[in-house]
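In: Let me see the structure of the following:
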Amino acid sequence: MLNASDASLALEVASVCKHEPVACPRCGDEFVCKPGAVPICHCFEVKLSKEQREWIAERWEGCLCGSCLHTVAEEF
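Out: Alright, predicted model coming up:
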């Protein structure tokens, strides 16, 4: 059974780990962004160079879907 402190921490972690349905600004496809849980988000598995990340940031706001991130990683 959780004590009050553990329950409070669990609620805090849950509120930070929201999964947000968003549209990819590059292609428009909907995906789930996990800003509070990056290690389990699709973006964590895609390796991008500093230059690739800068190129993305110059063109779009927010996160790209996994397909677009893979395309940038392969073509840029």
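
In: Name the next helix or strand following the one helix or strand Ile56 maps to along the chain.
Out: Ile56 is located in helix 50-59, with elements delineated by DSSP states H and E. Downstream of helix 50-59, the first helix or strand assigned by DSSP H and E is helix 66-75.

In: downstream neighbour of the helix or strand of the chain with the lowest mean pLDDT in the secondary structure list?
Out: Within the chain, no helix or strand scores below helix 4-16, which has a mean of 44 by mean pLDDT, DSSP states H and E. Toward the C-terminus, helix 4-16 is succeeded by strand 20-23 as the next helix or strand (DSSP H and E).

In: Tell me the gap between that following strand and the middle of its chain.
Out: 10 Å (Cα atoms, centre = their mean, to the nearest Å).

In: Show residues contacting it.
Out: Asp29, Glu30, Phe31, Val32, Cys33, Lys34, Pro35, Gly62, Cys63 (Cβ atoms under 8 Å, 6 or more residues apart in numbering). All C-beta spots, glycine's among them, are computed from the backbone N, C-alpha and C.

In: Neighbouring strands - and their directions - for it?
Out: Sheet pairing for strand 20-23, assigned by DSSP bridges, gives strand 30-33 (antiparallel).

In: Give me the residues contacting the strand it pairs with.
Out: Against strand 30-33 from outside (Cβ under 8 Å, 6+ apart): His19, Glu20, Pro21, Val22, Ala23, Cys24, Cys41, His42, Gly62, Cys63, Cys65, Gly66.

In: Just the C-alpha atoms of that strand, please, in PDB.
Out: The C-alpha trace of strand 30-33 is given here as PDB (Å, rounded to 0.1, in the frame of the first residue of the first chain):
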ATOM      1  CA  GLU A  30      -0.800  11.900 -36.100                       C
ATOM      2  CA  PHE A  31       1.500  10.300 -33.500                       C
ATOM      3  CA  VAL A  32       1.900  10.100 -29.800                       C
ATOM      4  CA  CYS A  33       4.600  12.400 -28.400                       C
END
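
In: And that strand, what's buried?
Out: By 16 or more other Cβ atoms under 10 Å, the buried positions in strand 30-33 come out as Phe31, Cys33.
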